[in-house]
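1. Sequence plus the predicted model coming up.
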Amino acid sequence: MTLPPGSRHVTVVTPWYPTRLLPFRGAFVQTMVEATAPGCDSMTVLHCDRWSARITDAEDVEIVRAHRALLPRTKHTSTTVGGSALTYVPVPMPAEVNFADTARRHEATLRAALDGELIDANVVHVHEALPSGWAVLEHLRPEAKLFVTEHASFLEALLDEPGAREMYDKVLDRCDRLFVVGDGTRDVLLKALPRHADKVSLVANPISFDLPRPSPVTELRRWLYLGGLIPRKGVNWLLEAFAKCHAEDSSLTLTIVGDGELSGPLRARTKELGLQDVVTFTGSVDPGVALRLMREHDLLVHASRWESFGVTVVEAVAAGMPVLVTRCGGPEETLAGIEDAAGELVAVEEDDAALVEGYRRLRDRFPQGLDLAEAQRVLDERYGYTAVARMHHRVWFE
């Protein structure tokens, strides 16, 4: 197929996208597709999904050989948001693989999936320079524009790996623009690769502000956490803070949405605290359920140690819910100028004290001390579908 000159055909390549087993992972990529697809002639999403397992070298060789031979005949395409076509491409690899080798695995698997063809799009937009940017380099049409969105929380570790940093540098040589979702990500990137400063721009993840809340929050009783149950997210401190606040007000409840290595320890600690009747663990849920839960709860509480953007915080405000979050990077930028209107920001500390004190302050000034309507208006102008789609279409096509 030869695309007509000037046509608005876009291919998005990503290592993350919601699946049936992991419905919440990559939801921010899905919203970007949903926001931008309506302004394109066509959009295709290639989801190159890492499948890892502890296998021997001999098993690895046989798995890769069979997978790449079968892939051109077995790859599955379906319809996703915005009428886009979604092609699912599993990428098998051993569990312990460095960043550079992970990117090479993605490239080799994508080569097999394309079966010798180039990516048939005038614009290719990848999420993460490694692995996705590296994977597409040799498979672009000569005239195709390449754009990269970078929002990896592990970017500093990636760029500390010499081979991965060299590959990242080559991706930036080819790309037209690199988008980051916050100043923290930009600082890490330009510290390692300063010569690409002129290609880096701040671009937010799009958030929908179109679904109104059935009724406004009237008291900060039903707490909600959404995200990975991993140490970096500070979920253990959140649980301890909830226990102390619940001791002061027995009507409080906490819903914890997500999965991860701390799932078992958190459940055990909940039982130790005697809170199993008021703390609910849902596991992972799909984005639609997550948004519904935001409209059914009163307060989003996040205790992350580091976030490049913090999309859930903005989604919570869009859902009409106040937020209690740590100053972990992204939230200070996304809520700049409306911190008090949206909720309460607290320091990152390796205990629960800041969260407990922050909740008490927020409770004491709610609702008169907040202005959620104003916070929603400002955030819609910054991160709403229309604003983010307009920016993408401008750089993609103009």
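-> Sure thing, it's come through.

2. where in the chain is pLDDT low?
-> Judged by pLDDT under 70, the chain has its weakly predicted residues at 1-6.

3. Kindly recompute the last result at 80.
-> Counting by pLDDT under 80, the chain has low-confidence residues at 1-6, 24, 181-183, 204, 287, 308-309.

4. Show me how the record splits it into domains.
-> With automatic domain parsing serving as the domain definition, the record reports that the chain contains domains spanning 9-203, 222-382.

5. Quick one, which of those gets closest to Phe397.
-> Each of the domains of the chain was scored for nearness to Phe397 using CB to CB, and the closest is domain 9-203 (7.4 Å). (C-beta placed from N, C-alpha, C; glycine too.)

6. could you dump the domains of the chain to JSON lines with mean neighbour count?
-> What follows is the domains of the chain, written out as JSON lines (neighbours: other CB atoms under 10 Å):
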{"stretch": "domain 9-203", "mean neighbour count": "18"}
{"stretch": "domain 222-382", "mean neighbour count": "19"}
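
7. of all these, which lies closest to Val395?
-> Among these, domain 9-203 comes nearest to Val395, with 5.8 Å by CB to CB.

8. What's the end-to-end length of that closest one?
-> Distance across domain 9-203, first residue to last, is 21 Å (CA to CA, to the nearest Å).

9. same deal with stretch 117-133?
-> For stretch 117-133, the first-to-last residue distance is 17 Å (CA to CA).

10. Just list what the helix or strand containing Arg394 packs against, helices and strands only.
-> Applying DSSP states H and E as the criterion places Arg394 in helix 385-397. Contact here means 3 or more CB pairs under 8 Å, 6 or more residues apart in numbering; DSSP states H and E; on that basis helix 385-397 packs against helix 27-36, strand 123-127, strand 145-150.

11. Quick one: the ones you listed as a markdown table, columns for distance to Thr19 too.
-> Conversion of the helices and strands packed on helix 385-397 to a markdown table gives the following (distance: least, CB to CB, whole Å):
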| stretch | distance to Thr19 |
| --- | --- |
| helix 27-36 | 11 |
| strand 123-127 | 15 |
| strand 145-150 | 20 |
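
12. Identify whichever of these lies nearest to Ala66.
-> With CB to CB as the yardstick, what comes closest out of those is strand 123-127 (27.0 Å).

13. now the angle between helix 385-397 and that closest one, please.
-> Comparing the axes of strand 123-127 and helix 385-397 via axes from the mean of the first three to the mean of the last three CA atoms, to 10 degrees yields an angle of 120 degrees.

14. Neighbouring strands - and their directions - for strand 123-127?
-> Strand 123-127 has the following sheet partners, assigned by DSSP bridges: strand 9-14 (parallel), strand 145-150 (parallel).

15. Now do it: everything it contacts.
-> For strand 123-127, the external contacting residues (CB atoms under 8 Å, 6 or more residues apart in numbering) are 8-16, 29, 132-133, 135-136, 140, 144-149, 151, 392, 396-397.

16. Stretch 237-250 too?
-> Stretch 237-250 has contacts (CB under 8 Å, 6+ apart) with 221, 223, 225, 252, 254, 256, 266, 269-270, 273, 275, 278-279, 301-303, 349-352, 355-356, 359-360.

17. Pull the CA coordinates from it and hand them back as PDB.
-> Backbone C-alpha positions of stretch 237-250 (Å, rounded to 0.1, in the frame of the first residue of the first chain) are rendered in PDB as follows:
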ATOM      1  CA  TRP A 237       2.700   4.300  54.500                       C
ATOM      2  CA  LEU A 238      -0.800   5.000  53.100                       C
ATOM      3  CA  LEU A 239      -2.200   2.000  55.000                       C
ATOM      4  CA  GLU A 240      -0.500   3.100  58.200                       C
ATOM      5  CA  ALA A 241      -1.800   6.600  57.800                       C
ATOM      6  CA  PHE A 242      -5.300   5.300  57.200                       C
ATOM      7  CA  ALA A 243      -5.100   3.200  60.400                       C
ATOM      8  CA  LYS A 244      -4.300   6.200  62.500                       C
ATOM      9  CA  CYS A 245      -7.000   8.400  60.900                       C
ATOM     10  CA  HIS A 246      -9.600   5.500  61.200                       C
ATOM     11  CA  ALA A 247      -8.800   5.400  64.900                       C
ATOM     12  CA  GLU A 248     -10.000   9.000  65.100                       C
ATOM     13  CA  ASP A 249     -13.000   8.400  62.900                       C
ATOM     14  CA  SER A 250     -14.400   4.900  62.600                       C
END
